[in-house]
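J.: Make a model of this:
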Amino acid sequence: MDPHPNPSPGLAVGGLALVPCALLTLGWGLASCGEPEPSKAVGADAAPAELPQVATEHRFTEVTAPAGIRVRHLLPTEDLSNIVDALGGGAAFADLDGDGWLDLVIATGARSPVPRSKPTDHGGFHLYLNLGNGRFRELGAACGIPTTTTAVAIAIADVDADGDRDIYLTDRGPNRLYLNQGNATFVESAQKAGVDDPRFGAAAAFFDMDHDGDLDLYVANYLEYDPQETAFYAPTGYPGPLAYQAENDGLYRNLGKGRFEDVSRQSGIDQWKGRGMSIACGDFNEDGHTDVFVANDATENFLLLNDGKGNFREDGLAAGVALGSDGEQTAAMAADLGDLDGDGFLDLAVSDTAFGALYMRNRPGWYLDRSRPSGLGVMLGQYVSWGQNLLDYDDDGDLDLFIVNGGLHHLVGWQDVLALNDGSGNFHDASADAGAYFESEGIGRASITGDYDNDGDLDVLVTTLTGGVHLLRNDRPGRTAWISLDLVGQTSRDPFGTRVEIEAGGRTQVAALRCPTTYLGQSDPRLHFGLGNGIERVDRITITWPNGVQQELVDVPARQILTVPWSLP
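T.: From the prediction side, this is the model:
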């Protein structure tokens, strides 16, 4: 693991052309690779087991048990018997106690329609504090969230603008909002906040739809589950999604102080019914407003274009992201955004039960599916893919793909896949060289990424059905450089909607700060950039905040986690 250097104490910041110059002294927010004092939040002691040594070759090393994570997913029956239990449970990385280290939240599934003999038969809810030494400590009920809480998906953000991150859980009704009291203890506030949607929510994401500085909430609902439905083909074991009615989604405007207003009707989103599985928020047509992509199961995907005032129109078909490459309605799962071919614009990767989709941006608001010519179709056509993440696995400056696979109607395990990008949006299967984990078979569901040990590379956590979770530490003994940005907003802790460009080593990389949701979960909200070999300084970082003001940082040392507060007008 690369040690962090001692950085300069400050940095001159100038505005770009046409933007008034400003001077700002920043604290260089470094995360040490040593062992800090343990978190002051209450909980059990950390696991005493020794962590594996960093591998001498680049690979993922499983560190779940020695890191202190003990979670197992449980089903109420010996096999899958319904579509609710088949979804699995999600997870999220986020700093919940403000100490600079990523904490971990794990859910093990929605409220099942199958009765359990006792509540503890369900794996429940788990919140782990990061101790900063490669290990976690579970808080249990001391965090204020009952350990028996059911949930399918997790979204995390500072919804009440008090500087700490809150937790929103979707379920087979009602959803729950837990407000952070500032020390990783939480109070349930969904009904008071007006976001206790009773429908079957499978995804949620926070974003600023109206440029007022606070975070609004989009909830993608799955379907109207009917336990009396029995029409299905015998080999499938239980009715699939088309046996049930699709649902409307929900949109909630943030009114401030942790209260929301349901604006689904006036915003226009209640015109469409889908079977939402995940959400990706971003500026798809490059007009300065945050739009919403909804990946739907057995339904065309939605691309909801925002007029900047919180009114939306659906444009998925015209934009080329509604259907698969053969014009079919896909069973889409996870959606993720990133620049895959280095052209400075954001592309969209979506996992599904077939070949996957790789919607490459062709011009503003228009995309072309390149899943098959990119090489992904050959890799993924044999699997049912669920979780999926864009990440720069090897810190070479190109976004790679981690894909989680598992049986759809039966408890069938498959290997997961690591696909490396050649820099132009073409991929090859690198799983065989990425560690022993990829030789195992699991019934995978969600996956999230984050630099949980603050060593400059992105780690992965995978959830499964009927098994444990897998924490995969990215062991990168090479000298490729990197930089991560932790952007701090003026109102909410996370200024979602910010665009960042970095120039280093003669190339430019772009990224958008957003609620980094994927299938059932949420990844590290910090922006991570791999820089490659021999790059020890970043020439320029240009930050375009959500209000359009640009901030410029120059000659920035690499190999650090840099905290940048939004302090310009």
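J.: so who does the nearest residue to A155 once chain neighbours are set aside touch?
T.: Excluding its sequence neighbours, the residue lying closest to A155 (C-beta to C-beta, 6 or more residues apart in numbering) is A204, at 4.0 Å. Using the backbone N, CA and C atoms, a C-beta is placed for each residue, glycine as well. By C-beta atoms under 8 Å, 6 or more residues apart in numbering, the contact list for A204 reads A153, A155, Y168, T170, N175, L217, Y218, V219, A220, I279, T517.
J.: contacting residues around the first one?
T.: This means A153. Per C-beta under 8 Å, 6+ apart, neighbours of A153: G90, A107, L169, T170, G201, A202, A203, A204, T517, L520, G521.
J.: same check, this time on the last one
T.: T517 makes contact with A153, A155, A203, A204, A205, S278, I279, A280, C281, S523, according to C-beta under 8 Å, 6+ apart.
J.: Local confidence estimate at it?
T.: pLDDT, T517: 97.
J.: Neighbours of Y128, how many?
T.: The number of residues packed near Y128 is 28, by other C-beta atoms under 10 Å.
J.: Low-confidence stretches in this protein?
T.: 1-48, 117-123, 568-569 (pLDDT under 70).
J.: in it, what residue sits furthest out from the centroid?
T.: For the chain, the largest distance from the centre (C-alpha atoms, centre = their mean) belongs to A234, which lies 35.2 Å off.
J.: Show me where the protein has its helices.
T.: 83-86, 190-193, 264-267, 316-319, 376-380 (DSSP state H).
J.: can you pull out the strands in the stretch 151-300 of the chain?
T.: 153-157, 166-170, 176-180, 186-188, 201-207, 216-221, 223-224, 245-248, 250-256, 259-262, 273-274, 276-282, 291-296 (DSSP state E, counting those that start in this stretch).
J.: Using TSV, lay out these together with distance to E441.
T.: Output for those, formatted as TSV (distance: least, C-beta to C-beta, whole Å):
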stretch	distance to E441
strand 153-157	25
strand 166-170	28
strand 176-180	33
strand 186-188	36
strand 201-207	25
strand 216-221	29
strand 223-224	29
strand 245-248	32
strand 250-256	37
strand 259-262	42
strand 273-274	31
strand 276-282	23
strand 291-296	25
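J.: of all those strands, which lies closest to L139?
T.: strand 186-188 (9.9 Å; C-beta to C-beta).
J.: With mean neighbour count and distance to Q509 as added columns, please give the helices of the chain in CSV.
T.: Output for those, formatted as CSV (neighbours: other C-beta atoms under 10 Å; distance: least, C-beta to C-beta, whole Å):
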stretch, mean neighbour count, distance to Q509
helix 83-86, 22, 38
helix 190-193, 16, 37
helix 264-267, 16, 33
helix 316-319, 18, 24
helix 376-380, 22, 21
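J.: returning to what we had before: output the contacts of A153 as a markdown table; include the columns distance to R479.
T.: Shown next, in a markdown table, are those (distance: C-beta to C-beta, whole Å):
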| residue | distance to R479 |
| --- | --- |
| G90 | 35 |
| A107 | 38 |
| L169 | 41 |
| T170 | 42 |
| G201 | 44 |
| A202 | 42 |
| A203 | 38 |
| A204 | 39 |
| T517 | 33 |
| L520 | 35 |
| G521 | 31 |
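J.: separation between the nearest residue to V114 once chain neighbours are set aside and F402?
T.: Nearest residue to V114 in three dimensions, chain neighbours excluded: P76, at 3.9 Å (C-beta to C-beta, 6+ apart). Using C-beta to C-beta, to the nearest Å, one obtains 30 Å as the distance from P76 to F402.
J.: Please identify which of the helices of the chain is closest to R537.
T.: Across the helices of the chain, closest to R537 is helix 376-380 (C-beta to C-beta), at 34.2 Å.
J.: Distance from that closest one to the middle of the chain?
T.: 22 Å (C-alpha atoms, centre = their mean, to the nearest Å).
J.: ok, now stretch 454-461?
T.: Distance, centroid of stretch 454-461 to centroid of chain: 14 Å (C-alpha atoms, centre = their mean).
J.: what does that stretch rub up against?
T.: With C-beta under 8 Å, 6+ apart as the criterion, stretch 454-461 contacts 1-2, 31-33, 60, 91, 93, 100-101, 104, 132, 389, 391-393, 395, 402, 447-453, 469-474, 476, 481-482, 484, 524, 528, 559, 561.
J.: contacting residues for the residue nearest to V114?
T.: Per C-beta under 8 Å, 6+ apart, neighbours of P76: D85, S112, V114, P115, R116, D121.
J.: what's the answer for F427, then?
T.: So F427 contacts S374, G375, L376, M379, D400, L401, A419, L420, N421 (C-beta under 8 Å, 6+ apart).
J.: Please name the bridge partners of it.
T.: Counting by DSSP bridges, F427 is bridged to N421.
J.: go on, L553?
T.: Where L553 sits in a bridge, its partners, by DSSP bridges, are V13, I541.
J.: how deep is the nearest residue to V378 once chain neighbours are set aside tucked in, by neighbour count?
T.: Nearest residue to V378 in three dimensions, chain neighbours excluded: R372, at 7.6 Å (C-beta to C-beta, 6+ apart). Look at R372: counted by other C-beta under 10 Å, it has 15 neighbours.
J.: Kindly provide the distance from R372 to V556.
T.: 39 Å.
J.: I'd like to know how many residues surround A155.
T.: There are 30 residues near A155, going by other C-beta under 10 Å.
J.: now the end-to-end length of stretch 148-159.
T.: Terminal residues of stretch 148-159 lie 24 Å apart, using C-alpha to C-alpha, to the nearest Å.
J.: In that stretch, which residues are buried?
T.: Neighbour-count burial for stretch 148-159 flags T149, T150, A151, V152, A153, I154, A155, I156, A157, D158, V159 (criterion: 16 or more other C-beta atoms under 10 Å).
J.: And the buried ones among the contacts of A204, selectable in ChimeraX?
T.: Selection of buried members from these for ChimeraX, criterion 16+ other C-beta under 10 Å:
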select :153,155,168,170,175,217,218,219,220,279,517
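J.: can you list the contacts of A204 in CSV and add distance to W414?
T.: Shown next, in CSV, are the contacts of A204 (distance: C-beta to C-beta, whole Å):
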residue, distance to W414
A153, 22
A155, 27
Y168, 31
T170, 26
N175, 31
L217, 34
Y218, 31
V219, 30
A220, 26
I279, 25
T517, 24
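J.: now, which of the contacts of A204 sits nearest V510?
T.: Of all these, T517 has the smallest distance to V510: 19.6 Å, by C-beta to C-beta.
J.: Give me the nearest residue to that closest one, chain neighbours excluded.
T.: Spatial nearest neighbour of T517, excluding adjacent residues (C-beta to C-beta, 6+ apart): A205 at 4.6 Å.
J.: Let me know how buried the one you found is, in neighbour terms.
T.: If you count neighbours by other C-beta under 10 Å, A205 ends up with 28.
J.: Contacts only, for it.
T.: Going by C-beta under 8 Å, 6+ apart, the list of residues near A205 reads A155, L217, Y218, I279, A280, C281, V292, R514, C515, T517.
J.: Nearest to G163 among these?
T.: After measuring the contacts of A205 against G163 - C-beta to C-beta - the closest member comes out as C515, at 17.0 Å.
J.: okay, now that closest one: neighbour count?
T.: By other C-beta under 10 Å, the burial measure for C515, its neighbour count, is 24.
J.: Please apply the same query to P235.
T.: Other residues within reach of P235 by the criterion other C-beta under 10 Å amount to 7.
J.: before we move on, what about the one 4 residues further on?
T.: Other residues near P239 come to 18 when the count uses other C-beta under 10 Å.
J.: Next: D459.
T.: 23.
J.: quick one, strands of the stretch 1-150 of the chain?
T.: Along the stretch 1-150 of the chain, counting by DSSP E, counting those that start in this stretch, strands occupy 13-14, 59-62, 91-94, 103-107, 125-130, 136-138.
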